[in-house]
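Novice: Need a 3D model of the sequence below.
(chains A and B)
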Amino acid sequence: MRRFLTRRLIQSALLLWFLMSFTFALTRLTPGGPESALLEQPNMERVDLERLRERFGLNDPLPMAYAKWLSSAVRLDFGRSYHYLRPPLDVILERLGPTVQLGLMAYAIALLGIPLGVIAAFHRGKLPDISIRVFTVFGDSVPNWWMALVIIVVLSTLIGWFPHGMGRGGPGEWFSHIIIPALILGLSGTVAFTRFVRSQVLEVLEQDYVRTARAKGLTELRVVTRHILRNALIPVVTLLGGLLPALVSGAAITEGIFNWPGMGRLYLEAASTRDYPVLLAIITVATIATLLGTLLADVTYGYVDPRVRYG
Amino acid sequence: MSEPTFRPGARLPRPEAAVRRSGTADAGPEVPESGPRSRGAYARAWAKLRHDPATLVAGAVLTVIVCITLLAPWIADTFLQTTPERIMRTPAGRIAVLQPPGPGYPLGTDDLGRDALTRLLFAGQVSLTIGFLVALVSVVVGTLAGLVAGYFGGWVDDIVNAMVQFVFNIPGLFVLIILSLLLRPDVLLLSLIFGFFFWPGTARQVRGVVLSVRALDYITAARALGASNTRIMLRHILPNVANIVMVVAGLDVAAAILGESALSFLGFGVQVPLASWGNMLSGSQDMFRRAPWLVYPPGVMIFTTVLSVVLVADGLRDAFDPRV
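Specialist: Okay, the predicted model is just below:
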């Protein structure tokens, strides 16, 4: 276990370092770099530009700038946002709350896939299975950003209202604002869970120990809960952790469309204003979240399934 | 006698050799018996597909979509008398900005007064091209990596696995956005960038199949006959991978079209003068509340295309699965 953890941590650190360096180099070496962001500002004087370049460390030669940036970035100091003129991490932390709320809500909706998958498996080939299959195939093929647009258009023409930003006037308003973005964001997770759980349960249903359990005369309820579900749901744990990063990353579109004041929308805003310190900081934070998610999934898997050995 | 001598590596039949080889595992495509057998697998799959209406309909729909997008210039020229860039005029002679569907513009016009139907057809070319290119990159790189990793195992496998894990852990959308912001990619580069995120999925699937095939007796037999690693991989293992690769390629096309549409919708990805199904809808939500007729067609096209690709891939998987 310890060897497994150290190896994974080293791999994770390498990926993080590579991705940070790669994106940093990209922002400095491409023609659309910070230069153009500063020049795009109207009434920017030559002198101001020089002053700003000095202040943001853009005059340093590349290796030096890289060393400086990396050494402060590992201490989670990403310099100053060009737009907010504050440390990017402060801005991100302000936006993290809404993103986490939306993510948790979407997660809850994604978990609905577990009962759906179980139902589909137990009624294989019958009406419930077929309708659930239609749902998953449709859910996979509809672009979720488009569905969000359609919902906005339909709602605003029908009742003249659609969720826009966060509802800050009490729990009722909060819920009415969060539920539709969360549904859109969680749908692909629901589909993934449904399909995965269905195939897992179908596989377990064919196992000999299920027949043995029935032959012993156990009640059907006990067979299902103790013997089928317990075994079928073990691998689902991997998906639990694997979904986290998808929610962090995928939220950008949903947050953008519904004006949800989270980290994803911050990223889109920073991209349109070319606020590189914020972009690099968010990529770092998102990568850390992704790595933690997968690591957590693998470790939990070992706890719930004692057959798993870490090599 | 007309032997199939066009095939590279095919030899004139030497009686003894032919007899000796016919029963062995190294009976590649040169030996006549293997021909009908492999055709048999496809014939069986086709026989199953013929009784699978969902897949047939999906295949037909996909063919129609590919045809009308390929014929976009001709359709636009002959029936609509316009181009994707041309600014339309209303019957009264004004510039047709955000006009609802009417004569001259069957699906209405966008905020610059361009015909939405023409743009929809041309956008289809871009979206489908990206979908197929991404699948191509994913299949070529992923199959090669999966084949080598599964066949050799050991440190080769470790390296490929590390790379697969590496790509899986990259927050895709964020990196795609910053890449298109800084590199301003054209269609080809965009497909390559997407392909980079897609190949690990293919590699994983291929590796799984290779691992199970590698342990079979006929591979040992081929090795005992002195076949080289390259020959074993290409002649004896690769054909087994073909089915799964076909399915994965289909799912890649679908996922790539969805991914490209999302990125282009956000204003990154395919850049504006060129239309894609995604960037036709990028813009403010306010505009679409005023012109709801613009919202539906691109989404319906994406949905229909992706759905039919997924159904065809699913159908092919079932058709080639001997257990079903």
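Novice: Enumerate every residue touching B:Met280.
Specialist: By CB atoms under 8 Å, 6 or more residues apart in numbering or on different chains, the residues touching B:Met280 are B:110, B:116, B:119-120, B:123, B:294, B:298. (Each C-beta comes from the backbone N, C-alpha and C, glycine too.)
Novice: do you know how far the nearest residue to B:Ile87 once chain neighbours are set aside is from chain A?
Specialist: Leaving out its chain neighbours, the residue that sits closest to B:Ile87 by CB to CB, 6 or more residues apart in numbering or on different chains is B:Gly113, at 4.4 Å. Plainly put, B:Gly113 is 21 Å away from chain A if you go by CB to the nearest CB, to the nearest Å.
Novice: ok, now how distant is the nearest residue to A:Ile180 once chain neighbours are set aside from A:Gly169?
Specialist: Leaving aside its sequence neighbours, A:Ile180 sits nearest to A:Pro163 (CB to CB, 6+ apart; 5.0 Å). Separation of A:Pro163 from A:Gly169 (CB to CB, to the nearest Å) stands at 13 Å.
Novice: Could you check which of the two has the larger neighbour count?
Specialist: A:Pro163 (22 against 8; other CB atoms under 10 Å in any protein chain shown).
Novice: How confident was the prediction at the more buried one?
Specialist: Reported pLDDT at A:Pro163 in the predicted model: 78.
Novice: hang on, isn't it packed against A:Phe258?
Specialist: Yes. Counting by CB atoms under 8 Å, A:Phe258 is a contact partner of A:Pro163 at 5.6 Å.
Novice: any low-confidence regions in the stretch 51-200 of chain B?
Specialist: Applying pLDDT under 70 to the stretch 51-200 of chain B flags the ranges B:80, B:91, B:93, B:96, B:98.
Novice: quick one: what helix or strand has B:Leu307 in it?
Specialist: Element membership for B:Leu307, per DSSP states H and E: helix B:296-320.
Novice: scratch that, B:Thr220
Specialist: Using DSSP H and E, B:Thr220 sits within helix B:217-224.
Novice: What residues of that helix count as buried?
Specialist: For helix B:217-224, a neighbour-count test (16 or more other CB atoms under 10 Å in any protein chain shown) marks B:219, B:222-223 as buried.
Novice: Tell me the helix or strand right after that helix.
Specialist: With elements assigned by DSSP H and E, the helix or strand that comes after helix B:217-224 is helix B:229-231.
Novice: Please name the residues that touch the residue nearest to B:Ile87.
Specialist: B:Gly113 sits next to B:87-89, B:95-97, B:99 when contact means CB under 8 Å, 6+ apart.
Novice: B:Val248: which of those residues is nearest?
Specialist: The closest of these to B:Val248 turns out to be B:Met88 (CB to CB; 42.3 Å).
Novice: Phi, psi for the closest one please.
Specialist: Dihedral pair for B:Met88: phi -80, psi 160, per degrees, to the nearest 10.
Novice: Tell me who's in contact with it.
Specialist: Listed by CB under 8 Å, 6+ apart, the contact partners of B:Met88 are B:82, B:95-96, B:99, B:104-105, B:109, B:113-115.
Novice: you'd agree A:Ala271 is up against B:Ser180?
Specialist: No. If you go by CB under 8 Å, A:Ala271 and B:Ser180 don't touch, sitting 9.2 Å apart.
Novice: neighbouring contacts of stretch A:113-131?
Specialist: For stretch A:113-131, the external contacting residues (CB under 8 Å, 6+ apart) are A:132-133, A:135, A:189-202, A:205, A:229, A:232-233, A:236.
Novice: one more time with 6 Å
Specialist: Here stretch A:113-131 makes contact (CB atoms under 6 Å, 6 or more residues apart in numbering or on different chains) with A:132, A:190, A:193-194, A:197-198, A:201-202.
Novice: Between its first and last residues, what's the separation in that stretch?
Specialist: Criterion CA to CA, to the nearest Å; first-to-last residue distance in stretch A:113-131 is 14 Å.
Novice: Could you list the buried residues of that stretch?
Specialist: Neighbour count says stretch A:113-131 has A:113-114, A:116-122, A:129 buried, by 16+ other CB under 10 Å.
Novice: Contact residues of the stretch 1-150 of chain A facing chain B?
Specialist: With CB under 6 Å from any CB of the partner chain as the criterion, the stretch 1-150 of chain A meets chain B at residues A:15, A:26, A:30, A:32, A:141-143, A:145-146, A:149.
Novice: Please repeat the previous calculation with a cut-off of 8 Å.
Specialist: Within the stretch 1-150 of chain A, the positions lying close to chain B (CB under 8 Å from any CB of the partner chain) are A:11-12, A:15, A:18-19, A:23, A:26-27, A:30, A:32-33, A:137-138, A:140-147, A:149-150.
Novice: Looking at those, which are in strands?
Specialist: If you go by DSSP state E, the residues of the stretch 1-150 of chain A next to chain B have nothing in strands.
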